[in-house]
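Q: Provided below are the primary sequence and the corresponding predicted coordinates.
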Amino acid sequence: MTPPKTPSENEVGPIVSAAHLADGGMPSLSEMEFALVIASNAFQRWITRCTAAAGGEGLSSMEVQILHAVNHRERDKTQADLCMMFNIEDTHVVAYALKKLQTLGLVAPGRRGKEKTARITREGADLCLRYRDLREKLLVDQIKSLGLDEARISEIAALMRVMSGQYDQASRAATSY
């Protein structure tokens, strides 16, 4: 009988969605990209379902993110502010979200000079608070029970922001390639 293989002998390599990309010079980047895709899809599913449970049925993940951003610090936001904040190139995505949120009475239109702005309504702020309460109960408490180091989570978030800058730079290079 042969002894069981050690983990290093059984190693399958990085967990990726495209082995042909992981065969390049940085397999860990492919592993991170796949993790981002999975995390992004899970996050989008979570925020839409949490919002629905809080009374905001029918909002897309982008509309939920825009709603929370407009609510952020109770300051009016322009479409350009929101596009910059979320690194969104297609301004129509934000315009559509704002229009839907206005139609639902969750944000209200305003003006700052010549620019249109959006501000949170009482209904929108209340929905954001109900979302926060559900988030604490259903997500934060569960994640805290894992005993993860909050400083490490912040480090990972900072790394993700740095990496987004690298992807932006590579996108600009690819545009002129």
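A: Looks like it arrived, so ask away.
Q: From here on, just use CA atoms for contacts and neighbour counts.
A: Noted.
Q: Distance check, residue 101 against residue 88.
A: Residue 101 sits at a distance of 18 Å from residue 88 (criterion: CA to CA, to the nearest Å).
Q: More neighbours: those two, which one.
A: residue 101 (21 against 13; other CA atoms under 10 Å).
Q: For that one, pull up the helix or strand it's in.
A: Element membership for residue 101 (DSSP states H and E) is helix 91-103.
Q: That helix packs against which elements?
A: Helices and strands touching helix 91-103, by 3 or more CA pairs under 8 Å, 6 or more residues apart in numbering; DSSP states H and E, are helix 61-71, helix 79-86, strand 107-112.
Q: What mean pLDDT does the last one get?
A: This points to strand 107-112. The average pLDDT within strand 107-112 is 96.
Q: All the strands of this protein, in order from the start?
A: Under the criterion DSSP state E, the chain carries strands at the ranges 77-78, 107-112, 115-120.
Q: what helices or strands is the shortest one leaning on?
A: Meaning strand 77-78. strand 115-120.
Q: which residues make contact with the strand it packs on from outside it?
A: Residues outside strand 115-120 that contact it (CA atoms under 8 Å, 6 or more residues apart in numbering): 67, 70-71, 74-79, 98, 106-111.
Q: Starting from that strand, tell me which strands it pairs with and how they run.
A: With DSSP bridges as the test, strand 115-120 is paired with strand 77-78 (antiparallel), strand 107-112 (antiparallel).
Q: Please state the offset of it from the chain centre?
A: 22 Å (CA atoms, centre = their mean, to the nearest Å).
Q: any low-confidence regions in the chain?
A: Along the chain, segments meeting pLDDT under 70 span 1-10.
Q: and if we set it to 80?
A: Applying pLDDT under 80 to the chain flags the ranges 1-13.
Q: Tally up the residues packed near the nearest residue to residue 60 once chain neighbours are set aside, please.
A: Distances taken as CA to CA, 6 or more residues apart in numbering place residue 48 nearest to residue 60, at 6.1 Å, with adjacent residues excluded. Using other CA under 10 Å, residue 48 is surrounded by 21 other residues.
Q: Please report how far residue 48 lies from residue 25.
A: 37 Å.
Q: Distance of residue 36 relative to residue 157?
A: Distance, residue 36 to residue 157, using CA to CA: 12 Å.
Q: Over to residue 176: give its phi and psi.
A: Here is the backbone geometry of residue 176 (degrees, to the nearest 10): phi -100, psi 10.
Q: Residue 75 now?
A: Main-chain dihedrals, residue 75, degrees, to the nearest 10: phi -110, psi 140.
Q: which residues sit in contact with it?
A: Residues counted as contacts of residue 75 (CA under 8 Å, 6+ apart) are residue 119.
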